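Peer 1: pasted the sequence and its predicted model underneath.
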Amino acid sequence: MAVIIGFGSTITGIDHVISANWTASVAPERLWVIGSQTPYATFSTGTQQGTITTYGSGNISLDLTPSAGCVEGTAKLDITITPSSCGGILSPVELHSLTSYTYSKQAKSPGQCTYSFQDYIGKIPEVNLQGIATGDWSGTGHGITGSSDMTGKEGNVQAGFPGTGRALDKFFGIVTAIGGADVGIDSLTNTVNTDEGAANCTIPWTPIWKL
């Protein structure tokens, strides 16, 4: 195990990164035969997952138009994480296929986005089809472009004097693009505004292994 040093690490393909996490999952299939402790054959399919959290959008704008026919999806970024470590040299980690996007901003707090990824390792599908992105959004600065087909209410209030609370409309629908999420910092006064916003978006993928 190595200890990673944040200020010495680099992440390219996205800006204003707060944190990065990554992990791998592999599901080997071993063909056992009687009388042997060695598999006749082993097939391995694995995925590399990762999440990146940024202030604002991280200068990311991405079209989420789904695959038209048997073509590779385009909701991808070219992100490379190069860790700086104590105790060994670590290989760079690459993240590409976006699976989800979230945005959150409270009053007087900076807006943050989280991008989640999943890519195949080992056996790679011949085509990875991108489905229709769906999600929900509310408030301002969320960076979602889409068409709402349903609206709900969200809010809270508590007892006391004055007993403050909040209320807003929450929209649900198809998401066609993300980008431009607001960090909410006034560059002139260097203060965080009182705007609030939230968003969640999921991008489904379907791997095609043999054409």
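Peer 2: Arrived safely, thanks for sending.

Peer 1: list the contacts of the residue lying closest to residue 59 once chain neighbours are set aside.
Peer 2: Nearest non-adjacent residue to residue 59, counting by C-beta to C-beta, 6 or more residues apart in numbering: residue 15, 4.5 Å away. From N, CA and C alone the C-beta is placed, and that goes for glycine too. Residue 15 makes contact with 54, 58-59 under the criterion C-beta atoms under 8 Å, 6 or more residues apart in numbering.

Peer 1: write the PyMOL selection for whichever of these are buried.
Peer 2: Typed into PyMOL, the line below selects the buried ones among the contacts of residue 15, using 16 or more other C-beta atoms under 10 Å:
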select buried, resi 54+58
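
Peer 1: which one of the contacts of residue 15 is nearest to residue 193?
Peer 2: residue 54 (18.0 Å; C-beta to C-beta).

Peer 1: pull the contacting residues for the closest one.
Peer 2: 14-18, 60, 112-115.

Peer 1: what does residue 204 give?
Peer 2: Contact analysis of residue 204 by C-beta under 8 Å, 6+ apart lists 99, 130-133.

Peer 1: and if we set it to 6 Å?
Peer 2: For residue 204, the contact set (C-beta atoms under 6 Å, 6 or more residues apart in numbering) comprises residue 131.

Peer 1: pretty sure residue 2 sits against residue 87.
Peer 2: Yes: at 4.3 Å, residue 2 and residue 87 qualify as touching, with contact defined as C-beta atoms under 6 Å.

Peer 1: so between these two, which is more surrounded?
Peer 2: Per other C-beta atoms under 10 Å, whichever of residue 2 and residue 87 has more neighbours is residue 2, with 12 against 9.

Peer 1: who touches the most far-flung residue of the chain relative to its centre in this structure?
Peer 2: Largest separation from the mean C-alpha position in the chain: residue 35, at 46.7 Å (C-alpha atoms, centre = their mean). Residues counted as contacts of residue 35 (C-beta under 6 Å, 6+ apart): none.

Peer 1: got phi/psi on the residue nearest to residue 59?
Peer 2: phi -110, psi 170 (degrees, to the nearest 10).

Peer 1: and the contacts of residue 15, which of them are in strands?
Peer 2: Here DSSP state E is the test, and the contacts of residue 15 give residue 54 as lying in strands.

Peer 1: residue 157: which of the contacts of residue 15 is nearest?
Peer 2: Nearest to residue 157 out of the contacts of residue 15 is residue 54 (C-beta to C-beta; 32.1 Å).

Peer 1: ok, so what distance separates the closest one from residue 123?
Peer 2: Computed as C-beta to C-beta, to the nearest Å, the residue 54 to residue 123 distance reads 31 Å.

Peer 1: same check on residue 15?
Peer 2: Applying C-beta to C-beta, the value for residue 15 to residue 123 is 33 Å.

Peer 1: got it, and residue 134?
Peer 2: 29 Å.

Peer 1: keeping just the C-alphas, turn stretch 161-168 into PDB.
Peer 2: Extracted as PDB, the C-alpha positions of stretch 161-168 are listed here (Å, rounded to 0.1, in the frame of the first residue of the first chain):
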ATOM      1  CA  PHE A 161     -39.400  32.200  15.900                       C
ATOM      2  CA  PRO A 162     -39.200  33.000  13.100                       C
ATOM      3  CA  GLY A 163     -39.100  29.200  12.300                       C
ATOM      4  CA  THR A 164     -37.500  29.400   8.900                       C
ATOM      5  CA  GLY A 165     -37.700  26.900   6.100                       C
ATOM      6  CA  ARG A 166     -37.400  26.600   2.400                       C
ATOM      7  CA  ALA A 167     -39.500  25.400  -0.600                       C
ATOM      8  CA  LEU A 168     -38.900  24.900  -4.300                       C
END
